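A.B. asks: got a sequence here, can you build the structure:
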Amino acid sequence: MTVSNAHRLLPLIALLALAAAFGLSAGTAAAQTTDGRIVFQGCDVTTCQIYTVNPDGTALRQVTHGAAARFQPDWSPNGRHIVFAQDSGSGSAIWIARADGSHARQLTYPLPGFSDQWPHFTPDGRRVLFTDFTPDTDGGISSIRPDGTHLRVITPNSGESYNDAVLSPNGRLAFMRWHVGNATMRIYTRALDGGRERPVTPIPLLGWWPDWAPNGRRLLFSSNLFSQRPNGAIYSVGSWGNSVRKLTHPAFPNEDWSATYAPSGARIVFTSDRGRQDRFFSGADIYTMRSDGSHIQRIPLPSFILYPDAPQWGAAPLKRGSTTGRSSLWQRHPSGGSTMALCASPAAQLAIPGCRLSPPRSLQALAVSPVM
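C.D. replies: Residues are numbered from 1 along each chain as shown. Predicted coordinates:
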């Protein structure tokens, strides 16, 4: 070994020594370095914008600004970019920006009255999956390159209902569908290029918001949508529909939802109204926990963010420093005054499922099923 090569190995040797000191394997030490900042949408009574924050609540940054609502963010795998949906006045489109919100540009251009939502990077970062809605249908899945080229249709948008797709590292697509057979709402998987669709969540749980574990072996999902049934929780399930596990147990009538894995797979971030009256009267919070549902911790956020939601844990490096942004103009009130005003805003109706005054037609027939 040359002196030059030995010099290059010094950082690795130091990392291994640190891992040994704490009883960690090299693989564990490397995995722990991948969990960086969390991106989420934060709504007040006027709009919804995108924020990033360290998992302990420090170094909060508002990364999008302006009158248009921005929501449903996702990280690129390397943590350098974010994608999100942005209100277009007559619908919504998919946008991409650097991690600090700069150099934002539009990726999709839906027709007036049409909406593109739920953008998710593929694991290799080469494409962005999204759901496209027309005024008469419940969604189809498409993808596009991060430079806005090579738009592809993956599933039909013809009333068949395909929503919120995420891709596993081994090329397995997971998505939510409405009213297939006797299932009001359920998560399915299939190969990216087609083939048989396999239901993987139990019918009574009304599964939605899927997210793959980084190793592709399990899926997270939430068990409630539009508050059609009380006490929704976070579950995980094997990639083939086996081994359903209930990870959270919020006290009735509170709920947990919108869960996603950290890049290491060791932790999970999710939204909850636990500790509050309920999400529509006293707001919500973002929490983290271990992948087995233990060690739940709330991320402290300032009160001007009335309703944080749609968190995604990325690989963007942690930041030092205090929170930046607006002063606290809006407070959460136990009486529900400010949050009720929030749900009256057009931005919240677009970005927050429970605030929508007119849900998609397929939701109007939602049945209340026994809680599993």
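A.B. asks: how about the CA coordinates for stretch 47-58, as PDB?
C.D. replies: Output of stretch 47-58 as PDB, limited to C-alpha atoms (Å, rounded to 0.1, in the frame of the first residue of the first chain):
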ATOM      1  CA  THR A  47     -51.400  28.700   2.200                       C
ATOM      2  CA  CYS A  48     -49.300  25.500   2.300                       C
ATOM      3  CA  GLN A  49     -45.500  25.600   1.800                       C
ATOM      4  CA  ILE A  50     -42.600  23.200   1.900                       C
ATOM      5  CA  TYR A  51     -40.200  23.000   4.900                       C
ATOM      6  CA  THR A  52     -37.200  21.000   5.800                       C
ATOM      7  CA  VAL A  53     -36.000  20.200   9.400                       C
ATOM      8  CA  ASN A  54     -33.500  18.100  11.300                       C
ATOM      9  CA  PRO A  55     -35.200  15.100  13.000                       C
ATOM     10  CA  ASP A  56     -34.800  16.800  16.400                       C
ATOM     11  CA  GLY A  57     -36.700  19.900  15.300                       C
ATOM     12  CA  THR A  58     -33.600  22.200  14.800                       C
END
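A.B. asks: in that stretch, which residues are buried?
C.D. replies: Across stretch 47-58, burial judged by 16 or more other C-beta atoms under 10 Å covers Thr47, Cys48, Gln49, Ile50, Tyr51, Thr52, Val53, Asn54, Pro55, Gly57. (Each C-beta comes from the backbone N, C-alpha and C, glycine too.)
A.B. asks: next up, the contacts around Ser92.
C.D. replies: Listed by C-beta atoms under 8 Å, 6 or more residues apart in numbering, the contact set of Ser92 reads Ala85, Gln86, Pro110, Ser115, Asp116, Gln117, Leu350.
A.B. asks: need the max-distance pair from the buried residues of stretch 47-58.
C.D. replies: Distances among the buried residues of stretch 47-58 were taken as C-beta to C-beta; the most separated pair is Thr47 and Pro55, at 25.2 Å.
A.B. asks: and the contacts of Ser92, which are buried?
C.D. replies: By 16+ other C-beta under 10 Å, these give Ala85, Gln86, Pro110, Ser115, Asp116, Gln117, Leu350 as buried.
A.B. asks: I'd like these laid out as CSV, including pLDDT, distance to Asp273 and secondary structure.
C.D. replies: Below are the buried ones among the contacts of Ser92 laid out as CSV (pLDDT from 0 to 100; distance: C-beta to C-beta, whole Å; DSSP: H, G, I helix; E, B strand; the rest coil):
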residue, pLDDT, distance to Asp273, secondary structure
Ala85, 97, 23, strand
Gln86, 97, 26, strand
Pro110, 92, 32, coil
Ser115, 93, 26, strand
Asp116, 95, 28, strand
Gln117, 95, 22, strand
Leu350, 65, 20, helix
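A.B. asks: please identify which of these is nearest to Arg98.
C.D. replies: Nearest to Arg98 out of the buried ones among the contacts of Ser92 is Gln86 (C-beta to C-beta; 15.3 Å).
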